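> Let's see this in three dimensions:
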Amino acid sequence: MTSYLRQKFQSLTVSSEDAKDGELISENREEMERNRIQAMKALVLKQDPSAKDVDDLMIRRFLRARDLDVDKASAMFLKYLKWRREAIPNGFISPSEIPNDLAQNKLFMQGYDNAGRSIVVVFAARHKPASTTVEEFKRFVIYTLEKICARMPSGHEKFTSIADLQGWGYVNSDIRGYLAALSILQDCYPERLGKLLIINVPYIFMTAWKMVYPFIDKNTKKKIVFVEDEKLRATLLEDIDESQLPNCVGGPLKLVPIQDC
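Have a look, this model is predicted:
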């Protein structure tokens, strides 16, 4: 066997072994998740019978948000169930409950990324905290997340968001609102965010970011990307096909307001 063929054979053997190891690790993790889902369901049901109608996918999201720690995930889920009864007593948020935030026309959906996840676009400079209240904004966040989750393609649990900060200024800064939205996303809709691409970032935004950043959990931090202006299109195309780009970033798709989705 020539030196070239020997090296080629060895590389193929290693690749095959690596693939088998990867499959074994994946199978072991899936088996572990299945076992812990059942353990968590039993634990939660003892304390809240309403959890009997919850599917395994939701349980799994809470488990993953707490690194498969059954006790921590169960506590988080029980807190969520209590929160949902209080925050969404009718099972949904009506547009009539959030007129001021909807009027700001700041959140849209359009297209899918390369992983098949729905794309959500947020225009941060259109958020005017003086024209709404923290309580209404929290209802708006719940309304949008419920809409996004309900419109995810079959087999998908996450969405990708593009946050456009073009024109953002201190009049748009809303630390209380940002922290409330972050808490709702992380605590009540865990493992729903797939990726957050923040674009057109003005320097003054970093003052607000420094105040919010410590409250972002480690799993969410991994999903946040600040996109450099000169690399905007190239960075977006790493995750989104050109045919699926919204028109606000030079793509062909017209944005659809969240209330029309």
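> and the one helix or strand F140 maps to, what does it pack onto?
Using DSSP states H and E, F140 sits within helix 134-150. Packing contacts for helix 134-150, counted by 3 or more Cβ pairs under 8 Å, 6 or more residues apart in numbering; DSSP states H and E, involve helix 70-87, helix 99-103, strand 107-112, strand 118-123, helix 175-188. Using the backbone N, CA and C atoms, a C-beta is placed for each residue, glycine as well.
> Point out the one among those that comes closest to E33.
Of all those, helix 70-87 sits nearest to E33, with 10.9 Å by Cβ to Cβ.
> Put the alpha carbons of that closest one into CSV.
The C-alpha trace of helix 70-87 is given here as CSV (Å, rounded to 0.1, in the frame of the first residue of the first chain):
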residue,chain,number,x,y,z
VAL,A,70,-34.7,17.2,36.9
ASP,A,71,-35.1,19.1,40.2
LYS,A,72,-34.2,22.5,38.8
ALA,A,73,-36.3,21.9,35.6
SER,A,74,-39.3,20.8,37.6
ALA,A,75,-39.1,23.9,39.9
MET,A,76,-38.8,26.1,36.8
PHE,A,77,-41.8,24.3,35.1
LEU,A,78,-44.0,24.6,38.2
LYS,A,79,-43.3,28.3,38.4
TYR,A,80,-44.2,28.6,34.7
LEU,A,81,-47.5,26.8,35.2
LYS,A,82,-48.4,29.2,38.0
TRP,A,83,-47.2,32.2,35.9
ARG,A,84,-49.3,31.2,32.9
ARG,A,85,-52.5,30.9,35.0
GLU,A,86,-52.0,34.4,36.3
ALA,A,87,-50.5,36.1,33.2
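> Show residues contacting that helix.
For helix 70-87, contacts defined as Cβ atoms under 8 Å, 6 or more residues apart in numbering pick out 36, 39-40, 43-44, 47-48, 50-51, 59, 62-63, 65-66, 138-139, 142, 187-188, 190.
> Report the distance from the helix holding F140 to the chain centre.
Centroid displacement of helix 134-150 relative to its chain, using Cα atoms, centre = their mean, to the nearest Å, is 13 Å.
> Direction included, what does the helix or strand following it pair against?
Following helix 134-150 in sequence order, the next helix or strand is strand 159-164 (DSSP H and E). Counting by DSSP bridges, the strands paired with strand 159-164 are strand 118-123 (parallel), strand 193-199 (parallel).
> Can you say which of those strands is packed in most?
strand 118-123 (a mean of 23; mean count of other Cβ atoms under 10 Å).
> With just CA atoms, put it into PDB.
Extracted in PDB, the C-alpha atoms of strand 118-123 (Å, rounded to 0.1, in the frame of the first residue of the first chain):
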ATOM      1  CA  SER A 118     -39.200  31.000  11.500                       C
ATOM      2  CA  ILE A 119     -37.600  34.400  11.100                       C
ATOM      3  CA  VAL A 120     -38.800  37.200  13.400                       C
ATOM      4  CA  VAL A 121     -37.700  40.800  12.800                       C
ATOM      5  CA  VAL A 122     -37.700  43.500  15.500                       C
ATOM      6  CA  PHE A 123     -37.200  47.200  14.900                       C
END
